[in-house]
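Student: Sharing a model that was predicted from the sequence below.
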Amino acid sequence: MKKMLSMLSIFGVAMIATFVPEAAHAAEGGGELTKLGLALGAGLGIAIAAGLGGLGQGRATAAALSGIARNPSAGSKILTPMIIGLALIESLVIYALLIAFLLQGKI
């Protein structure tokens, strides 16, 4: 896990270093590299948000069902907070979708 995280951070630093010289062009309307960065940001942003949101919802549901299986009488007390938590997770994914649409509009 640490190796993957370090590889992702190295990739992120390389991407930032690639787009720094284009910052001057961004003020003038942007170049092709700026548009590429916006497209990659929009695509990767929504992909990561949707994937991690799905994982979070799966883990929350599994934990709630496990708790209900252990104590069936607590089902109603577990179900309501689970639904609220799932709605909050989904709202974060919808915010990521909105940001992706805003980035796409700048291309």
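Tutor: That came through, no problem.

Student: rest of the way, CA atoms for contacts and neighbours
Tutor: OK.

Student: How far does the one helix or strand Arg59 maps to sit from its chain's centre?
Tutor: Take DSSP states H and E as the rule and Arg59 turns out to sit in helix 32-70. Averaged C-alpha coordinates place helix 32-70 at 5 Å from its chain's average position (C-alpha atoms, centre = their mean, to the nearest Å).

Student: go on, stretch 95-107?
Tutor: In terms of C-alpha atoms, centre = their mean, the centre of stretch 95-107 is set 13 Å apart from its chain centre.

Student: List the buried residues of it.
Tutor: In terms of neighbour count (16 or more other C-alpha atoms under 10 Å), stretch 95-107 has its buried residues at Ala96, Leu97, Ile99, Ala100, Leu103, Gln104.

Student: mind checking how far the closest residue to Ile68 other than its chain neighbours is from Ser66?
Tutor: In this structure, Ile68 finds its nearest non-sequential neighbour in Gly75, 5.1 Å apart by C-alpha to C-alpha, 6 or more residues apart in numbering. Using C-alpha to C-alpha, to the nearest Å, one obtains 10 Å as the distance from Gly75 to Ser66.

Student: try Ile78
Tutor: For Ile78, the distance to Ser66 equals 10 Å [C-alpha to C-alpha].

Student: more neighbours, these two?
Tutor: Remark: of Ile78 and Ser66, Ile78 carries more neighbours, 17 against 12, as counted by other C-alpha atoms under 10 Å.
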